[in-house]
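> prediction below, plus the sequence it came from.
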Amino acid sequence: MLPVEKFETIRTPFYYYDSCLLRKTIEIIKEDVAKYTNFKVHYAVKANANPKILKIISDSGLGADCVSGGEIEASIKAGFNSENIVYAGVGKSDWEIKLGLDSDIFCFNVESEAELEVINGLASEKNKTARIAFRVNPNVEAHTHANITTGLAENKFGIALQDIDAVIERAKKMSNVKLIGLHFHIGSQILLMDDFKALCKRINELLDKLEKNGTTFENINVGGGLGIDYDNPEASPIPDFKSYFKTYAENLQLRKGQKLHFELGRSVVGQCGSLITRLLYVKQGTSKQFAIVDAGMSDLIRPALYHAHHKIENITSTEPYEKYDVVGPICESSDVFAKGTMLNRCRRGDILAIRSAGAYGEIMASQYNCRQLPKGYITEDL
């Protein structure tokens, strides 16, 4: 339950994070992972880098998956052990690579031969050896939104299957990189276990092929992608991690001694967060009525960017339901959170909660229209 009475005195819009649910989610992850001695979970920082959220996750012992130098800095500041940090990203700049080297992170997930050359050169300048894994584009389709699928041949991410042999041989000849694994990631908000099974099949085929050429790996990283239930956050507050990890345990043919790494983001933090906003006006249109709130797409861009659905609740009203388009104050027609959604009758001053906003909400907020960035509060703050 959201602490509605405590929201009344806080300036809206803001993010509220149920830290009890977050801790419970992490507890379930750790319980399910403990069944497999060779599984390691890294939290995908891009989902939510609120310092208080990061501290809770780092204290739990999970590793960190970063996609920028800023995320590496934020992770280390939050207490993540650099030996548990993996760093991916199709466009790593020199200063970011140097930061990773200086921090002695566990692994760079390398996405191109050009990047491999740069990392080897920068590591040589520092007289260091960079641990690397090649991100392979497996050409596996994930049944999700086109903007968040990453494993198709047409996507910008990773090294094509047909090129991986040559890149591996190139790396073996370099003196300042150590190839320790392969990395894969097919997309985000995936709810069908069959998509992960398809990835396992492709990885199995690739490992068999590479082993015939005498190439083996210590680590396999399958990325993340597990989705959450945006329709029923109360009924499904914690994703089905048991089935997720079991899918890989039963379908991926790991070799003796290999470690399997995961990069989970949305599934860790998505359900613990809500965007809290206040109703400014109810406007009657020609054929519909608008609930105009003080949060906008600058605070939560997912509906405008992905046509994403979030459940919205009027948490201060118990009046009969009516149909509304919930819209924000931004000067864009795309500043819409929901169309034709049923809410308890809305009145000026009501507080609405946009649920399942813990992932890709606060972290993607902007100051468009010179708006202030929304603040984030955890349970202990209120």
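Thanks, I have the structure now. What you see is a predicted model; the values in this text were computed from it and never measured.
> longest strand anywhere in this protein?
In the chain, assigned by DSSP state E, the strand with the most residues is strand 273-284.
> what pairs with that strand, parallel or antiparallel?
Using DSSP bridges, the strands paired with strand 273-284 are strand 14-17 (antiparallel), strand 289-293 (antiparallel), strand 351-354 (antiparallel).
> got those strands as CSV, with mean pLDDT, mean neighbour count and distance to residue 247 columns?
(Each C-beta comes from the backbone N, C-alpha and C, glycine too.) Output for the strands paired with strand 273-284, formatted as CSV (pLDDT from 0 to 100; neighbours: other C-beta atoms under 10 Å; distance: least, C-beta to C-beta, whole Å):
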stretch, mean pLDDT, mean neighbour count, distance to residue 247
strand 14-17, 98, 24, 28
strand 289-293, 98, 20, 39
strand 351-354, 98, 24, 31
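> quick one, which of those strands is nearest to residue 367?
Of all the strands paired with strand 273-284, strand 14-17 sits nearest to residue 367, with 15.2 Å by C-beta to C-beta.
> now the angle from the helix or strand just after the closest one to strand 273-284?
Counting by DSSP states H and E, the element after strand 14-17 in chain order, helix or strand, is helix 19-33. Angle, helix 19-33 to strand 273-284, by axes from the mean of the first three to the mean of the last three C-alpha atoms, to 10 degrees: 130 degrees.
> and helix 19-33, average pLDDT?
The average pLDDT within helix 19-33 is 98.
> quick check: what element follows it along the chain?
Following helix 19-33 in sequence, per DSSP H and E, is strand 39-44.
> thinking again about what came up before, so which of the strands paired with strand 273-284 is nearest residue 339?
Closest to residue 339 of the strands paired with strand 273-284 is strand 289-293 (C-beta to C-beta; 9.9 Å).
> one step back: can you give me the buried ones in the longest strand of the chain?
By neighbour count on 16 or more other C-beta atoms under 10 Å, the buried set for strand 273-284 is 273-280, 282.
> which residues touch it?
Contact with strand 273-284 is made by 2, 7, 10, 12-18, 48, 289-295, 299-300, 314, 324, 329, 346-359, 361-362, 374, as judged by C-beta atoms under 8 Å, 6 or more residues apart in numbering.
> run the chain-centre distance for it.
In terms of C-alpha atoms, centre = their mean, to the nearest Å, the centre of strand 273-284 is found 26 Å from the chain centre.
> with stretch 321-336 instead?
Relative to the centre of its chain, stretch 321-336 is centred 26 Å away, using C-alpha atoms, centre = their mean.
> now swap in stretch 341-361 and tell me
22 Å.
> equivalent analysis for stretch 29-49, please.
Put simply, stretch 29-49 sits 12 Å off its chain's centre (C-alpha atoms, centre = their mean).
> quick one: terminal-to-terminal distance for that stretch?
Stretch 29-49 has an end-to-end distance of 19 Å (criterion: C-alpha to C-alpha, to the nearest Å).
> and what about the closest residue to residue 277 other than its chain neighbours, helix, strand or coil?
Distances taken as C-beta to C-beta, 6 or more residues apart in numbering put residue 295 closest to residue 277, at 3.6 Å, once the chain neighbours are dropped. The three-state assignment at residue 295 reads coil, by DSSP: H, G, I helix; E, B strand; the rest coil.
> dump the residue contacts of residue 295.
Contacts of residue 295 by C-beta under 8 Å, 6+ apart are 12-13, 275, 277, 328, 337, 354, 374.
> helix, strand or coil: sort out residue 73 for me.
With three-state DSSP as the basis, residue 73 sits in helix.
> which element is the residue nearest to it when sequence neighbours are not counted on?
Excluding the flanking residues, the one nearest residue 73 by C-beta to C-beta, 6+ apart is residue 99, at 7.2 Å. In this assignment (DSSP H and E), residue 99 forms part of helix 94-103.
> which strands or helices does the worst-scoring helix or strand of the chain on mean pLDDT pack on?
Sorting the helices and strands of the chain by mean pLDDT, DSSP states H and E puts strand 159-160 at the bottom, at a mean of 90. On a contact count with 3 or more C-beta pairs under 8 Å, 6 or more residues apart in numbering; DSSP states H and E, strand 159-160 meets strand 130-137.
> what strands line up against the strand it packs on, and which way round?
strand 107-110 (parallel), strand 159-160 (parallel), strand 177-183 (parallel).
> after the shortest one comes which helix or strand?
Downstream of strand 159-160, the first helix or strand assigned by DSSP H and E is helix 164-172.
> which positions in that following helix come out as buried?
Going by neighbour count (16+ other C-beta under 10 Å), the buried part of helix 164-172 is 164, 167-168, 171.
> give the contact list for the closest residue in space to residue 381 that isn't next to it in sequence.
Leaving out its chain neighbours, the residue that sits closest to residue 381 by C-beta to C-beta, 6+ apart is residue 52, at 7.8 Å. Residue 52 sits next to 17, 19, 376, 378, 381 when contact means C-beta under 8 Å, 6+ apart.
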